[in-house]
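Undergrad: The sequence and its predicted three-dimensional model are supplied below.
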Amino acid sequence: MMLKNMVHRKLQNEKYDERKEFPTLESIATTEVGRHFEKFATLEGLDERLHAGIRKKIIENAIELTIKEGADIHSVNTTARSIHLEEYWKKACEYRWSKEHRAKTLAIENNGLSWKVAYLERHVTELIEKIANFEEFYQKKEVIHTLHIVSSWIFSLDLAVVPQNFDLRIVFENLPLLREVTLKYSEGPMTEKRRDSVGMKLAEAANLGESVKNSYSLVQLNVSGNEIDDDLFKFIMAGVACNISLLELNLSHNRVGDHGAKRLAKFLIRNEILVVLNLTNNCIGYDGSRYLSQALKINKTLEELHLKLNKFDDKAGSKFFKDLSLNTGLLMVDLSANSLGHLSARKIAELIQTGTGLRQILLGSNDFSHDSLVIIKGSIPEPRGCEHFEASKFSEIRL
């Protein structure tokens, strides 16, 4: 047939490209290797520089044939170490997740602008979240094997469901480059949550503490919304206190109270690393505020402190802002939605007038009277600062 077409076109004086009718040996080879990519994924014998074009063509054929045939994407245990072409991983992401509209996975700005990192991080997240029983040997072995293979490309994990009995130490031990971790604890599928099944348990808190203790790359830990009370917090802080890399700790939307604040204060007195501490929506009252403010007299590295939606009354706020006059490192503090009043307003004004390193103070939804707001406004030195305070409906001070 091909020969007949060639003769016909020549008789008709038509332009004829032999390469289209008779595929080259290279074209046949790249197509067949792509078709059986699982067997040849390492592309052994093809130098990355000398044979870059051939390697690229094989990889493109592999993903195109997978999409065309509707097959599962190639196993990361096969491809992670051998394929670095971003176009492959982009197509793999789109093929595996675009139908489910998982924009978060496909937003590579959250993954170091790398499609490969985006794919592997999402793959590991789903692998862990789908574990039914981590005590079963084959599941444990599979997770450890996969983590070991992909370890060079995993920098962040966002686990919406941490499985029961899952040992986080395996994650931290096998992912030495892990920098950001977000954890949510609950029993059963997300759609079947009950109040008593949501949140971290004692054994899980102890396991998290042990895991964080020996992590030397962890920069950001987010355990927001896990029903962590002072008893659980003790076990977590046992590990956090020994960590030497953590810059940001998010404990928002938990049940940390005054005893937990005391433990945090002891940590802040000794710590010279942490930059951001988020305690939004917890149960810290007067005693806890005293512990924290005493610690801030000594701590010089913390730059952001979020204390919105706690139990600071006017007396607590007054003492807190009085002690902040001795702090030199804090740049932002959020005490919105507490119960600050006139006494706190006076101390805020004194703090601003005597000079402070703070550049932003958030105060919305407190119990300030009109006179209290006038006192605060009068202490702001710059006219633009006063204008912004009014424009923000007296909720934000910028210095």
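TA: That came through fine.
Undergrad: so where's the stretch 1-150 of the chain shaky on pLDDT?
TA: Filtered on pLDDT under 70, the stretch 1-150 of the chain yields the residue ranges 1-74, 99-107, 109, 111, 132-138.
Undergrad: change it to 90
TA: Counting by pLDDT under 90, the stretch 1-150 of the chain shows low-confidence ranges at 1-114, 130-143.
Undergrad: mind checking the backbone torsions on Gln220?
TA: The phi and psi values for Gln220, taken as degrees, to the nearest 10, are phi -130, psi 130.
Undergrad: My guess is it contacts Ser245. True?
TA: No. Applying Cβ atoms under 8 Å, one finds Gln220 not in contact with Ser245, separated by 9.9 Å. Every C-beta, even on glycine, is put in place using the N, C-alpha and C of the backbone.
Undergrad: Those two: who's more crowded?
TA: More crowded of Gln220 and Ser245, by other Cβ atoms under 10 Å: Gln220, with 16 against 13.
Undergrad: That one pairs with what?
TA: Glu180, Glu248 (DSSP bridges).
Undergrad: gap between it and Asn226?
TA: Separation of Gln220 from Asn226 (Cβ to Cβ, to the nearest Å): 16 Å.
Undergrad: now do Ile83
TA: The spacing between Ile83 and Asn226, counted by Cβ to Cβ, is 37 Å.
Undergrad: Then Asn165?
TA: Here Asn165 is placed at a distance of 16 Å from Asn226 (Cβ to Cβ).
Undergrad: Which one's more surrounded, these two?
TA: Set Asn165 next to Asn226 and count neighbours by other Cβ under 10 Å: Asn226 wins out with 24 against 12.
Undergrad: Report the contact partners of the more buried one.
TA: By Cβ atoms under 8 Å, 6 or more residues apart in numbering, the contact set of Asn226 is Leu183, Lys184, Tyr185, Gly199, Met200, Asn254.
Undergrad: Could you list the low-pLDDT ranges of the stretch 201-350 of the chain?
TA: 214.
Undergrad: give me that answer again for 50
TA: By pLDDT under 50, the stretch 201-350 of the chain contains no weakly predicted segment.
Undergrad: Which residue ranges of the stretch 151-300 of the chain form strands?
TA: Here the stretch 151-300 of the chain has its strands, by DSSP state E, counting those that start in this stretch, at 156-162, 180-185, 220-222, 248-250, 276-278.
Undergrad: of these, which approaches Lys262 most closely?
TA: strand 276-278 (14.6 Å; Cβ to Cβ).
Undergrad: Pull up the pairing partners for that closest one, direction included.
TA: strand 248-250 (parallel), strand 304-306 (parallel).
Undergrad: Turn those strands into TSV, including distance to Glu94 and mean neighbour count.
TA: As requested, the strands paired with strand 276-278 are exported to TSV (distance: least, Cβ to Cβ, whole Å; neighbours: other Cβ atoms under 10 Å):
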stretch	distance to Glu94	mean neighbour count
strand 248-250	31	19
strand 304-306	37	20
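Undergrad: got the contact list for the closest residue to Ser293 other than its chain neighbours?
TA: Distances taken as Cβ to Cβ, 6 or more residues apart in numbering place Asp323 nearest to Ser293, at 3.7 Å, with adjacent residues excluded. By Cβ under 8 Å, 6+ apart, the contact list for Asp323 reads Ser293, Gln294, Leu296, Lys297.
Undergrad: which of these are buried?
TA: For the contacts of Asp323, a burial check counting by 16 or more other Cβ atoms under 10 Å picks out Ser293, Gln294, Leu296.
Undergrad: Who are the contact partners of the first one?
TA: Residues counted as contacts of Ser293 (Cβ under 8 Å, 6+ apart) are Lys319, Phe320, Lys322, Asp323, Leu324.
Undergrad: Next, the buried residues of stretch 233-249.
TA: So, applying 16+ other Cβ under 10 Å, buried residues of stretch 233-249: 233-241, 243, 246, 248-249.
Undergrad: from the residues you listed, which single one is nearest Leu399?
TA: The shortest approach to Leu399 among those belongs to Glu248, at 23.0 Å (Cβ to Cβ).
Undergrad: Now do the contacts for the closest one.
TA: Val219, Gln220, Leu221, Leu274, Val275, Val276, Leu277, Asn278.
Undergrad: mind redoing it with 10 Å?
TA: Glu180, Leu218, Val219, Gln220, Leu221, Asn222, Leu274, Val275, Val276, Leu277, Asn278, Glu304 (Cβ atoms under 10 Å, 6 or more residues apart in numbering).
Undergrad: Quick check: Leu157 touching Asn110?
TA: No. Contact criterion Cβ atoms under 10 Å: Leu157 and Asn110 do not qualify, at 12.0 Å.
Undergrad: State the number of residues packed around Lys377.
TA: Counted with other Cβ under 10 Å, residues neighbouring Lys377 total 16.
Undergrad: check which helix or strand covers it.
TA: helix 370-379 (DSSP states H and E).
Undergrad: could you say what helices and strands that helix packs with?
TA: On a contact count with 3 or more Cβ pairs under 10 Å, 6 or more residues apart in numbering; DSSP states H and E, helix 370-379 meets helix 342-354, helix 383-391, strand 396-398.
Undergrad: any chance of these in a markdown table, with mean neighbour count and distance to Ala92 too?
TA: Listed next are these as a markdown table, based on neighbours: other Cβ atoms under 10 Å; distance: least, Cβ to Cβ, whole Å:
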| stretch | mean neighbour count | distance to Ala92 |
| --- | --- | --- |
| helix 342-354 | 19 | 54 |
| helix 383-391 | 13 | 47 |
| strand 396-398 | 18 | 44 |
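Undergrad: what about those, which gets the closest to Cys93?
TA: Of all those, strand 396-398 comes closest under Cβ to Cβ, at 39.2 Å.
Undergrad: Could you list every helix and strand that that closest one packs against?
TA: strand 360-362, helix 370-379, helix 383-391.
Undergrad: re the thing from before, could you dump the contacts of Asn226 to CSV with distance to Tyr286 and neighbour count?
TA: Output for the contacts of Asn226, formatted as CSV (distance: Cβ to Cβ, whole Å; neighbours: other Cβ atoms under 10 Å):
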residue, distance to Tyr286, neighbour count
Leu183, 30, 22
Lys184, 31, 19
Tyr185, 30, 23
Gly199, 26, 19
Met200, 26, 26
Asn254, 19, 25
